[in-house]
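*Asks:* This is a predicted model, with the sequence first.
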Amino acid sequence: MDLIHIEGLAGVTDLTSFLAAATVTTVGDQLRLTVGSDQLVLVGMTLAGLSADLFDFA
């Protein structure tokens with residue numbers, strides 16, 4: 001299983017803190033999570049479909 005590796009974001013240690021820090025937008029079938037100038041775009045994913053086991057927080 002592939003994981004989304006997240007590191008270098010101050011105060012982000014788990015999915016809850018990542019979502020709290022992120023601005024979340026949906027554009028078509030894209031879920032966009034933006035923290036500062038960094039952006040993660042997930043195609044075909046919904047916010048409800050995100051779970052902690054999809055991520056690796058360093």
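*Replies:* In hand now; what should we look at?

*Asks:* Can you measure across stretch 19-36, start residue to end residue?
*Replies:* 13 Å (C-alpha to C-alpha, to the nearest Å).

*Asks:* Next, report how far that stretch is displaced from the centre of its chain.
*Replies:* Taking C-alpha atoms, centre = their mean, to the nearest Å, the mean C-alpha location of stretch 19-36 is offset from the chain mean by 7 Å.

*Asks:* can you list contacts of it?
*Replies:* Contact with stretch 19-36 is made by 9, 11-12, 18, 39-47, 50, as judged by C-beta atoms under 8 Å, 6 or more residues apart in numbering. Heads up, the C-betas are built off the backbone N, CA and C, glycines and all.

*Asks:* now the strands for this protein?
*Replies:* 4-6, 23-27, 30-35, 38-43, 55-57 (DSSP state E).

*Asks:* Just name the most buried of the ones you listed.
*Replies:* Mean neighbour count (mean count of other C-beta atoms under 10 Å) peaks for strand 30-35 among the strands of the chain, with a mean of 17.

*Asks:* That one vs strand 38-43, what angle?
*Replies:* 160 degrees (axes from the mean of the first three to the mean of the last three C-alpha atoms, to 10 degrees).

*Asks:* so what strands line up beside strand 30-35?
*Replies:* strand 23-27 (antiparallel), strand 38-43 (antiparallel) (DSSP bridges).

*Asks:* Determine which of these approaches residue 2 most closely.
*Replies:* strand 38-43 (11.7 Å; C-beta to C-beta).

*Asks:* center of the chain, which residue is that?
*Replies:* Among the residues of the chain, the one closest to the centroid is residue 33, at 5.3 Å (C-alpha atoms, centre = their mean).

*Asks:* Quick check: that one vs residue 54, distance?
*Replies:* 12 Å (C-beta to C-beta, to the nearest Å).

*Asks:* now do residue 44
*Replies:* Residue 44 is 13 Å from residue 54, by C-beta to C-beta.
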